[in-house]
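Q: Build the 3D model from these lines:
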Amino acid sequence: MAHGWLQNTWHNLFGANAASRHSHHGTHHVQHHKPKTPAPPPPVFVVPTGTIAANALSMPDQPFALHEWDGSLITLREHALGAPTNWVAVLMDNTSLHFACRDGLVQMLPTIGDNTSLPAGTSPCGLPGGQSSLVLAWDRSRVGDPAPDWSDFWDVARHPGKRSLRLDPRSTLEIALLADGVAPADVYSVLSTEAGVDRAFRKLDQLRPYIVWWRTPEDATRIMSSGAALMIGTPIDELAALPKPVNFAVQWRQSLRQNLSWAIPHNVPNPSAEHVAIVLRDQAPRHEDTQDGPLPDGSILTINDNFWATHLESLQKRFQDWFSPPP
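A: Predicted coordinates:
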């Protein structure tokens with residue numbers, strides 16, 4: 001099977017070959033005192049934090065252990081540009097994939113078999129890996145059962161208390177426009193204009209004193225666990241990690257759907273990279289977190305990866321200036 005030769009190749013590249021780097025000062029001496037080379041850690045596929053606990057992966061015959069990561073390109077850079085680690089495939093959102101591919105953190109997918117390229121999604125560095133959801137969640141013990149929407153999220157007079165959003169223009173600007181009455185189908189046409197961007201930031205201004213920001217999915221879990229916010233925009237996978245009796249409910253309407261892809265880190269060498277590509281094509285888990293969630297037609301916003309590939313850097317700068325204005 002595919003995983004067998006990947007395991008063997010990984011050991012040959014990073015285990016047995018390590019012994020050849022030792023100096024040969026006399027054959028008889030080396031034969032009697034050959035140092036033992038520790039076995040390399042087994043290769044792993046890496047998925048977003050919360051995914052495993054949420055049982056959000058559809059698992060075919062996937063033989064590798066799964067580890068979690070925080071989704072940060074800083075973390076990916078550490079694992080992709082240094083000495084080879086045991087990360088051989090990473091599941092990430094497609095906007096991050098665009099920049100990871102551009103900056104050489106992940107590889108262009110190799111050709112296999114008959115020299116035809118692997119089927120790619122939005123990037124030559126990725127294979128489709130499913131979707132994830134960012135939802136509005138609220139503390140049922142303090143708000144009650146009626147489901148709030150994003151306009152209620154902004155209504156601190158009716159529901160006093162802190163709110164929590166991702167410290168990133170992605171998803172946060174879309175949520176601001178949804179809260180301001182823009183229909184999901186119209187969000188990106190509005191956000192593509194200077195007036196629309198201004199509108200989103202004006203809406204954030206209204207809520208700014210009440211926002212507790214999160215940077216990573218683990219941050220979102222800690223905020224909910226501690227009761228630091230009454231309502232939160234959170235990856236739904238994080239709700240599975242909440243300890244009892246923390247009781248956050250989920251609003252699926254106006255949730256945000258993010259396309260995901262699998263990629264191979266830059267420092268995975270051939271032929272391992274080729275073997276990983278085959279496994280990704282044939283056996284990679286898919287992330288699907290809405291099997292049991294109602295998805296009303298027209299109420300879901302799919303993140304526009306092409307929009308963010310074009311506008312992320314400029315909107316990130318404006319967001320940072322808004323968040324930390326110069327003195």
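Q: How much space separates the residue lying closest to Glu68 once chain neighbours are set aside from Ala229?
A: Leaving aside its sequence neighbours, Glu68 sits nearest to Thr49 (C-beta to C-beta, 6 or more residues apart in numbering; 4.7 Å). In this view, the C-beta of every residue, glycine as well, is placed from N, C-alpha and C. Counting by C-beta to C-beta, to the nearest Å, the gap between Thr49 and Ala229 amounts to 18 Å.
Q: Looking at those two, which one has more neighbours?
A: Ala229 (25 against 21; other C-beta atoms under 10 Å).
Q: picking up where we left off before, the residue nearest to Glu68 against Thr216, yeah?
A: Yes: taking C-beta atoms under 8 Å as the contact criterion, Thr49 and Thr216 are neighbours in contact, 6.8 Å apart.
Q: Just give me the neighbour total for the residue nearest to Phe248 when sequence neighbours are not counted.
A: The shortest distance from Phe248 to any residue other than its chain neighbours is 4.4 Å, reached at Ala137 (C-beta to C-beta, 6+ apart). Applying the criterion other C-beta under 10 Å, we find 24 residues in the vicinity of Ala137.
Q: again with Ala65
A: The burial metric for Ala65, expressed as a neighbour count using other C-beta under 10 Å, is 12.
Q: mind checking pLDDT for the residue nearest to Thr290 when sequence neighbours are not counted?
A: Nearest residue to Thr290 in three dimensions, chain neighbours excluded: Ser133, at 6.0 Å (C-beta to C-beta, 6+ apart). Ser133 is assigned a pLDDT of 93 by the prediction.
Q: cool, and Pro110?
A: At Pro110, the pLDDT recorded in the model is 74.
Q: Equivalent analysis for Ile236, please.
A: 93.
Q: now swap in the one 3 residues further on and tell me
A: At Leu239, the model reports a pLDDT of 89.
Q: Contacts only, for the nearest residue to it once chain neighbours are set aside.
A: Nearest-residue entry for Leu239: Phe248, 6.0 Å, with adjacent residues in sequence omitted and distances by C-beta to C-beta, 6+ apart. Listed by C-beta atoms under 8 Å, 6 or more residues apart in numbering, the contact set of Phe248 reads Ala137, Trp138, Asp139, Arg140, Met224, Ile232, Leu239, Leu242.
Q: I'd like the domain boundaries of this structure, if you could list them.
A: Residue ranges for the structural domains of the chain, counted by automatic domain parsing, are given in the record as 2-130+259-287, 132-257+296-323.
Q: How far does the shortest one stretch from one end to the other?
A: Domain 132-257+296-323 has an end-to-end distance of 26 Å (criterion: C-alpha to C-alpha, to the nearest Å).
Q: neighbouring strands for the host helix or strand of Trp262, and are they parallel or not?
A: Using DSSP states H and E, the element containing Trp262 is strand 248-263. The strands that strand 248-263 pairs with in its sheet are strand 87-93 (antiparallel), strand 127-139 (antiparallel), strand 301-302 (parallel) (by DSSP bridges).
Q: before we move on, the earlier item: weakest of the domains of the chain in terms of mean pLDDT?
A: Taking the average pLDDT of each of these, the minimum falls on domain 2-130+259-287, with a mean of 77.
Q: Can you tell me what sits against the top helix by length along the chain?
A: Of all the segments assigned as helix in the chain under DSSP state H, the longest by residue count is helix 305-323. When contacts are defined by C-beta under 8 Å, 6+ apart, helix 305-323 is touched by residues 94-95, 98-99, 122, 167-170, 172-173, 188, 191-192, 197, 201, 204, 259.
Q: Okay, buried residues for it please.
A: Within helix 305-323, the residues that qualify as buried are Asp305, Phe307, Trp308, Ala309, His311, Leu312, Leu315, Phe319, counting by 16 or more other C-beta atoms under 10 Å.
Q: quick one, that helix and strand 87-93 angle?
A: Following axes from the mean of the first three to the mean of the last three C-alpha atoms, to 10 degrees, one obtains 80 degrees for the angle between helix 305-323 and strand 87-93.
Q: How many residues are close by Gly104?
A: Tallying neighbours of Gly104 according to other C-beta under 10 Å, which is how burial is gauged here, yields 13.
Q: who touches the closest residue to it other than its chain neighbours in this structure?
A: When the adjacent residues along the chain are set aside, Gly104 lies closest to His266, with 5.7 Å between them (C-beta to C-beta, 6+ apart). By C-beta under 8 Å, 6+ apart, His266 lies in contact with Ala80, Leu81, Gly104, Leu105, Val106, Gln107.
Q: got a markdown table for the residues you listed, with secondary structure and distance to Asn55 too?
A: As requested, the contacts of His266 are arranged in a markdown table below (DSSP: H, G, I helix; E, B strand; the rest coil; distance: C-beta to C-beta, whole Å):
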| residue | secondary structure | distance to Asn55 |
| --- | --- | --- |
| Ala80 | helix | 28 |
| Leu81 | coil | 32 |
| Gly104 | coil | 34 |
| Leu105 | coil | 29 |
| Val106 | strand | 26 |
| Gln107 | coil | 29 |
